[in-house]
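Undergrad: test case, fold it:
(one chain, ligands or ions: 1)
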Amino acid sequence: MAARKTRPYVAVTRRLPAPVEARMGELFDVRLNPDDHRMDRDELIRLMQQSDVIVPSLSEKIDAEMLDQAGGRLKLIANYGAGVDHIAVAAARKRGIMVSNTPGVLTEDTADMALALIIAVTRRLAEGVAVMQAGDWEGWSPTAFLGGRLGGRKLGIVGMGRIGRAIARRARAFGMEVHYHNRTRLRRETEVELGAKYWDSLNQMLARMDIVSVNVAHTPATFHLLSAQRLKLMKPSAVVINTSRGEVIDENALTRMLRAGEIAGAGLDVYEQGHEANPRLRNLPNVMLLPHMGSATVEGRIEMGEKVILNVQTFADGHRPPDLVLPGMM
Ligand code: DGY
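TA: Numbers count the residues shown, from 1 in each chain. Below is the predicted model of the structure:
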């Protein structure tokens with residue numbers, strides 16, 4: 001009789017979609033978080049000490065100091081999400097702990113949300129909704145709620161990875177001119193397919209765009225990539241969209257410029273201080289703020305769970321998880 005493989009002990013830090021939790025329960029010895037409370041450092045350290053695998057999400061920071069106290073049992077941090085900037089990946093590797101993520105399955109949903117924000121801000125949807133909700137609409141007027149036409153507008157995509165390219169495809173369908181800046185230039189065929197013009201200089205691109213969409217991961221190299229200085233290069237009529245990570249933009253500088261009318265509008269799904277958006281961004285008519293919901297579709301969140309399960313199962317079978325993240329990779 002074949003020896004029964006031992007099931008890894010897997011601790012999940014947040015509630016996941018029901019089918020994902022159910023499948024994990026079938027495959028692993030799983031410890032869930034049924035009331036979805038936010039775990040503090042001590043609880044996370046305890047979990048890491050007791051588990052072979054921990055499945056955190058971006059709401060749990062796992063730093064080097066915590067990993068120092070994690071003990072010898074933990075072997076895999078199977079992140080439920082694509083971004084891993086909340087995990088000390090290099091420190092984990094030094095301690096022989098692998099880190100995996102869930103790339104690819106949130107591309108289309110996040111790109112949809114970036115487009116939703118582009119449309120919402122340029123066509124002033126928040127102002128229209130507010131007037132209707134307040135019961136203040138006085139009827140159609142030739143000059144009320146005039147926004148800008150998307151067709152012909154120049155969209156500058158900062159970071160042309162999977163999500164950047166998915167945004168480019170959508171933007172083209174709306175008749176926008178697609179421009180991009182990226183660490184490495186895309187292949188000529190991809191540029192042609194996307195109709196995208198490459199800018200080696202981010203500064204030069206920013207100065208010429210009507211809309212700038214931020215789509216780079218947060219790393220030490222991209223922290224405040226859109227610094228106060230760079231934001232000042234943008235046209236006063238321009239709009240900034242961010243569906244990646246708040247830390248990539250100097251949020252205080254952006255807030256000051258939006259309030260001063262030096263940038264026309266912003267659509268933000270992410271913030272520099274996690275879920276604390278700068279309070280001075282609230283109630284600005286030219287700003288739409290969302291609670292980090294770019295990937296929030298039922299389908300996407302289940303697919304993220306399926307990726308986590310595949311990573312954990314592959315690890316449990318003694319192989320390298322398919323979505324292994326290496327230090328410096330993101
Ligand atoms: C991720 O997975 O990193 C996304 O930001 C979640 O929406």
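
Undergrad: residue contacts, residue 328?
TA: Contacts here follow CB atoms under 8 Å, 6 or more residues apart in numbering; on that basis residue 328 touches residue 90. From N, CA and C alone the C-beta is placed, and that goes for glycine too.

Undergrad: look up phi and psi at it.
TA: phi 80, psi 0 (degrees, to the nearest 10).

Undergrad: distance-wise, check it relative to residue 220.
TA: Using CB to CB, to the nearest Å, residue 328 is found at 10 Å from residue 220.

Undergrad: where exactly do the helices run in the stretch 1-150 of the chain?
TA: Secondary structure of the stretch 1-150 of the chain, counting by DSSP state H, counting those that start in this stretch: helices at 18-27, 41-50, 64-68, 89-94, 107-122, 125-133.

Undergrad: can you tell me the residue of the stretch 201-330 of the chain closest to the ligand?
TA: residue 295 (3.5 Å; CB to the nearest ligand atom).

Undergrad: surely that residue and residue 108 touch.
TA: No. Residue 295 is not in contact with residue 108 according to CB atoms under 8 Å; the separation is 9.6 Å.

Undergrad: coming back round to it: number of residues surrounding the closest residue to the residue of the stretch 201-330 of the chain closest to the ligand other than its chain neighbours?
TA: Excluding its sequence neighbours, the residue lying closest to residue 295 (CB to CB, 6 or more residues apart in numbering) is residue 106, at 3.8 Å. Taking other CB atoms under 10 Å as the neighbour definition, residue 106 ends up with a count of 24.

Undergrad: how close does residue 106 get to residue 10?
TA: The separation that residue 106 has from residue 10, given CB to CB, amounts to 21 Å.

Undergrad: now do residue 76
TA: From residue 76 across to residue 10, the span is 9 Å (CB to CB).

Undergrad: please apply the same query to residue 16.
TA: Residue 16 sits 11 Å away from residue 10, taking CB to CB as the criterion.

Undergrad: okay, and the common contacts of those two?
TA: A shared contact of residue 16 and residue 10, defined by CB under 8 Å, 6+ apart, is any residue touching both; here these are 24, 55.

Undergrad: is the ligand within reach of the top helix by length along the chain?
TA: Criterion DSSP state H: the longest helix present in the chain is helix 298-316. No. Judged by CB under 6 Å from any ligand atom, helix 298-316 makes no contact with the ligand; its nearest approach is 7.0 Å.

Undergrad: what does that helix contact?
TA: Residues external to helix 298-316 that are found in contact with it (CB under 8 Å, 6+ apart): 5, 7-8, 10, 16-17, 19-21, 23-24, 27-28, 53, 55, 75-76, 78-81, 98, 100, 102-106, 108-109, 295, 320-324.

Undergrad: contacts only, for residue 38.
TA: By CB under 8 Å, 6+ apart, the contact list for residue 38 reads 59, 60.

Undergrad: try it again at 10 Å.
TA: Residues counted as contacts of residue 38 (CB atoms under 10 Å, 6 or more residues apart in numbering) are 13, 14, 59, 60.

Undergrad: give me every residue that touches the last one.
TA: It refers to residue 60. Residues in contact with residue 60, defined by CB under 10 Å, 6+ apart, are 13-14, 38-41, 43-44, 47, 54, 66, 77, 79-80, 86-87.

Undergrad: now with 6 Å?
TA: 13, 44 (CB atoms under 6 Å, 6 or more residues apart in numbering).

Undergrad: distance of residue 13 from residue 23?
TA: As defined by CB to CB, residue 13 lies at a distance of 17 Å from residue 23.

Undergrad: oops, could you answer that again for residue 260 instead?
TA: From residue 260 over to residue 23 the distance is 51 Å, taken as CB to CB.

Undergrad: neighbour-wise, which of those two wins?
TA: Set side by side, residue 260 and residue 23 give different neighbour counts by other CB under 10 Å, the larger being at residue 23 (19 against 9).

Undergrad: so what's that one up against?
TA: Contacts of residue 23 were listed using CB under 6 Å, 6+ apart, and they are residue 309.
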